[in-house]
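# Next one to model:
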Amino acid sequence: MYAISRVYTAAVAVDRMLANLDLNLLVTLDALLRERNVTRTAEALGVSQPAVSAGLARLRRHFGDPLLTRSGNRYQLTPLAARLLALTEPALAGVRRVFDVTPDFDPSQVEREFTIITSDYAATVLGPLIARRLAAAAPGVRLRLQQTTPHTVDQAHETLRNADGLLLPHGFLTDIPFLDLYEDEWVCIVSADNVLVGSALTVELLAALPWVVLYHRRTAFALATQQLKVLGVEPRVEVVTDGFLPMPFLVAGTRRVALLHKRLAALLAIPAGVRVLPCPFEVAPLAEAFWWHPIYSNDPAHIWLRGVLAEAAGVLTGHNPQL
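Sure thing, here's the model as predicted:
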């Protein structure tokens, strides 16, 4: 009985401490730790610089720590601040989820922005279908399609703290919730006037022709090029680009070759002036999925968003023609 009393007393003490805290300080703390600058924090939050300075002073008193220390012309996080940085975003997400909860989730009444990190390929192929569904069911929602980079993929766990999700094929991420969406095939593209290539490609030609590739690092074409390398072919890279959309135009009028998704190649072949040919080697299909941080798994708005993506993928594959 005494132990229960002690637990109750401790809980009351915590509740009293929280009652004396201003939740706005959590927002200020998160922005300060990310911006590491009072002026930029004020601009990001849309408040005055003195207000942010006052908030920083209160936070320093609460934690008994300077949080930000000057190093030359810049500010650095103290060890305590670095630990807090990993906690503020999940804490803010939890607060948002509490206040976003309604008895019945109604997308037509939601006003928020969904940020999806994606390649220009998925943004082109799937993005319009997602946007169409959002516009019809949730007019107060804004969709932000943010271009992915090798860094966002390599640091996916951190990336997904600040975005609703990541459109990415299987083969790069593990231990992160995901929703399978659709599959696509890999094809080769060559210039329509490339006389070196007849009606079909060979592995020997792929070894001889110059290539256009994406990023030319681990997070680009990893699975397809790995299968090509197993055959002893090391692509001779002539052009590196950071998106899929320029590839057909970088191939057109040249001797170059590139690997591209079949759906995107079908859209761009005629405008770019390239031919689409089957790969002369066995290559596993691309399995596109939507990945998100576990903190969003039970968020009603996020659950609805995942349903929208599933519907859009159904339209793309012909399994759900009515959108």
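# make it CA atoms for all contacts and neighbour counts henceforth
Noted.
# pLDDT score assigned to A3?
A3 is assigned a predicted lDDT (pLDDT) of 42.
# The one 10 residues further on too?
pLDDT recorded at A13 is 46.
# which stretches of the chain form strands?
Taking DSSP state E as the criterion, the chain carries its strands at 68-71, 74-77, 112-118, 141-147, 165-169, 178-184, 186-191, 210-214, 236-241, 257-261, 274-278, 286-291.
# Going by contacts, tell me the helices and strands next to the fifth one.
Packed against strand 165-169, as judged by 3 or more Cα pairs under 8 Å, 6 or more residues apart in numbering; DSSP states H and E, are the following elements: strand 112-118, strand 286-291.
# and those, which is most packed in?
Highest mean neighbour count among the helices and strands packed on strand 165-169 (mean count of other Cα atoms under 10 Å): strand 286-291, with a mean of 20.
# Can you list the neighbours in contact with it?
Here strand 286-291 makes contact (Cα atoms under 8 Å, 6 or more residues apart in numbering) with 165-170, 176-186, 306.
# Partner strands of that strand, with direction?
Strand 286-291 has its sheet partners listed here by DSSP bridges as strand 165-169 (antiparallel), strand 178-184 (antiparallel).
# Taking strand 112-118 as reference, get the angle to it.
Per axes from the mean of the first three to the mean of the last three Cα atoms, to 10 degrees, the angle that strand 286-291 makes with strand 112-118 is 150 degrees.
# in the stretch 51-200 of the chain, which ranges drop under the pLDDT threshold?
The model of the stretch 51-200 of the chain has pLDDT under 70 over residues 93-104.
# distance of the residue lying closest to A137 once chain neighbours are set aside from R40?
Nearest non-adjacent residue to A137, counting by Cα to Cα, 6 or more residues apart in numbering: S108, 5.8 Å away. Distance of S108 to R40, given as Cα to Cα, to the nearest Å: 34 Å.
# bridging residues for the one residue sitting closest to the centre of the chain?
In the chain, the C-alpha nearest the mean C-alpha coordinate belongs to I117, at 2.7 Å (Cα atoms, centre = their mean). Beta-bridge pairing for I117 (DSSP bridges): Q146, L166.
# For it, which residues are in contact?
Taking Cα under 8 Å, 6+ apart as the test, what I117 contacts is L145, Q146, Q147, T148, A163, G165, L166, L167.
# before we move on, back to that, may I see the helices and strands packed on strand 165-169 arranged in TSV, with distance to G198 as well?
Formatted as TSV, the helices and strands packed on strand 165-169 follow (distance: least, Cα to Cα, whole Å):
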stretch	distance to G198
strand 112-118	34
strand 286-291	26
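# Any idea how many residues pack against F178?
22 (other Cα atoms under 10 Å).
# Quick check: nearest residue in space to it, chain neighbours excluded?
Of all residues not flanking F178 in the chain, W291 sits nearest, at 4.3 Å (Cα to Cα, 6+ apart).
# what bridges to that neighbour?
Applying DSSP bridges to W291 gives these bridge partners: L166, F178.
# how many neighbours does the residue nearest to I303 when sequence neighbours are not counted have?
Leaving out its chain neighbours, the residue that sits closest to I303 by Cα to Cα, 6+ apart is S297, at 7.0 Å. S297: 14 surrounding residues under other Cα under 10 Å.
# F249 versus the nearest residue to V239 once chain neighbours are set aside, what's the distance?
Using Cα to Cα, 6+ apart and skipping the chain neighbours, the partner closest in space to V239 is V212 (4.7 Å). To F249, V212 is 10 Å away according to Cα to Cα.
# Also A163?
To F249, A163 is 31 Å away according to Cα to Cα.
# could you pull out the helices for the stretch 51-200 of the chain?
Secondary structure of the stretch 51-200 of the chain, counting by DSSP state H, counting those that start in this stretch: helices at 79-100, 120-125, 127-137, 150-154, 156-159.
# Adding distance to P50 and mean neighbour count as columns, could you present these in CSV?
Formatted as CSV, the helices of the stretch 51-200 of the chain follow (distance: least, Cα to Cα, whole Å; neighbours: other Cα atoms under 10 Å):
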stretch, distance to P50, mean neighbour count
helix 79-100, 21, 14
helix 120-125, 41, 18
helix 127-137, 39, 16
helix 150-154, 34, 14
helix 156-159, 31, 17
